[in-house]
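Undergrad: no letters, just coordinates:
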């Protein structure tokens, strides 16, 4: 379900084990700058991605859920258990919240072995139970061979596994992950996520995964919450929340390389489109019809990978936008060629090296850009 | 002559550093982690003995433990004798005098700890008490050891406070440093030199061991760095 724009005055029940968060807090990020964190969402059992640029308030939010920071207003609850409620003065201490939290730095205890780290949260159990539990979790995260090493003697990926095992062995009711896998290569990351998913199929707790990389969102997410400047601006499946962004900040996060300021020139209700003129030039784009006020400026976002390049005038296309232009530059990054094309306004277009060769594209070459109406995303 | 003074001095240093371990740890923990706005006043008070002339400190302690003060009268009623000019009196004065030397290294090493480790400990369900014993103390151990050794060595070499509070009673309050003073007053430079050399080498060896340990990280406690 995509809840875009998010008007949630009455929240549905989060389910027996869902995490319900309502946090308002003034966050000062320096002597001069502060912003208001005002967030309201539900995270059911399973993965929820908390996505936003650095400084959007994601870590502050996790700290509030864990009890390391106190919100000014609001309520935080897991299932039927209230962890924080500003109105009634409830504020459960961090050590009684049963919240697992992988901080960015992981915070493994450097003076303890991997086994001692993992067993740290099992104080209440007797020796045999403790051994059995830690052995089981270390097996599920493939770190049993490292048990007698110190954290400093393990690799980056192994440290993530140790921190996960240490947090999960205590059977938390919520798991918070603060960009824990950002520094890892894709394969190591995927393996760790697979192991985490396998664990969570059994235990079914909400896993709140913070990231600012959109690749991670599409790789991990069933449910995405997009944050910008302390607010939730979109929520839903990655496709819903990021595929059709309605704000420029989300569009930038979601990888819309081309964003143009436009004004509405004409509406064509019979064709389901409207013509928008790009500010500062003569270029016009046919975009999906919206009910936006004509006098209001709007922005159009187009992904660089959604644009076709033709070396001669294409014909017989359903695409409404065929724009003549000239290539100004071509740069190859790995298996991707980034072309800049001047059509009055400059477009960024991503093509394959093979397409570049077969079309014999060089700087200065005359080309036509083909853009479907529905590849043009209208942003407010 | 030198042996009773030496055993007395060592006994005093051991008792004082043991007491300072007990008093210093919670005090250092509080100084490192409290967010009380007037904390700086306590920091200033703890540091006072570093700058005060020992005679000033000794004078006030003497008055405070003397029969004129409520504390002195209470102690006299309890034990049948006063604190002034006794070993116990020396302990009280020395604990105050060496307090900053124990507390400051401890507090500094606690304050330098990565707070995320303490947060992580709490999030794994540990109380503050358990976090202190399992995380703060082991990781702050270099500072704790430094505090203990410094307060031990500082008590060994103390003079002014001991003279003010303990006087100069051989076998009861005459420490090595006072003995040296006595020997110099008696113009017995040869004996004074022998005693002074003994104290000098003892303190040097003690500090050399401390700094050697810290540098070599010999106990495996610091090798994670």
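TA: Received the coordinates, thanks. Everything numeric here is computed off the predicted structure, so don't read it as measured data. Residues are numbered from 1 along each chain as shown, chains lettered A, B, ... in the order given.

Undergrad: what segments of the stretch 201-350 of chain A are helices?
TA: Using DSSP state H, counting those that start in this stretch, the helices of the stretch 201-350 of chain A run over A:214-220, A:238-243, A:248-253.

Undergrad: contact partners of the longest one?
TA: What it means is helix A:214-220. Helix A:214-220 has contacts (CB atoms under 8 Å, 6 or more residues apart in numbering or on different chains) with A:47, A:49, A:51, A:181, A:189-190, A:193, A:209, A:211, A:224, A:238, A:242, A:253-255. In short, each C-beta sits where N, CA and C put it, glycine included.

Undergrad: by neighbour count, which of the residues you listed wins?
TA: residue A:51 (31 neighbours; other CB atoms under 10 Å in any protein chain shown).

Undergrad: which parts of the stretch 1-150 of chain A sit against chain B?
TA: Counting by CB under 8 Å from any CB of the partner chain, the residues of the stretch 1-150 of chain A close to chain B are A:66, A:68, A:93-101, A:103, A:105, A:107-111, A:120-121, A:123-124, A:150.

Undergrad: drop anything exposed from the residues you listed.
TA: A:66, A:68, A:94-95, A:97-101, A:103, A:107-111, A:120-121, A:150 (16 or more other CB atoms under 10 Å in any protein chain shown).

Undergrad: thinking again about what came up before, relative to chain B, which of the contacts of helix A:214-220 is nearest.
TA: Proximity of the contacts of helix A:214-220 to chain B (CB to the nearest CB) peaks at residue A:209, which lies at 16.8 Å.

Undergrad: take the residues of the stretch 1-150 of chain A next to chain B and keep only those in strands.
TA: Counted as lying in strands by DSSP state E, out of the residues of the stretch 1-150 of chain A next to chain B, are A:99, A:100, A:101.

Undergrad: residues of the stretch 151-300 of chain A that sit close to chain B?
TA: For the stretch 151-300 of chain A, the residues in contact with chain B (CB under 8 Å from any CB) are A:151, A:152, A:166, A:167, A:170.

Undergrad: check those residues and tell me the two furthest apart.
TA: A:152 and A:170 (23.3 Å; CB to CB).

Undergrad: ok, the two, which is more surrounded?
TA: Using other CB under 10 Å as the criterion, residue A:152 and residue A:170 rank with residue A:170 on top: 20 against 12.

Undergrad: you'd agree the more buried one is up against residue A:122?
TA: Yes. Between residue A:170 and residue A:122 there is a contact under CB atoms under 8 Å: 6.9 Å.

Undergrad: just to revisit the earlier point, now, which of the ones in strands among the residues of the stretch 1-150 of chain A next to chain B sits nearest residue A:204?
TA: Lowest distance from residue A:204 to these (CB to CB) belongs to residue A:100, with 13.9 Å.

Undergrad: so what sits opposite the residue most central in space within chain A in the bridge?
TA: Nearest to the geometric centre of chain A sits residue A:51, at 2.9 Å (CA atoms, centre = their mean). Beta-bridge pairing for residue A:51 (DSSP bridges): residue A:211, residue A:226.

Undergrad: ok, it - contacts?
TA: Residue A:51 makes contacts with A:210, A:211, A:212, A:214, A:217, A:224, A:225, A:226, A:227, A:241, A:242, A:253, as judged by CB under 8 Å, 6+ apart.
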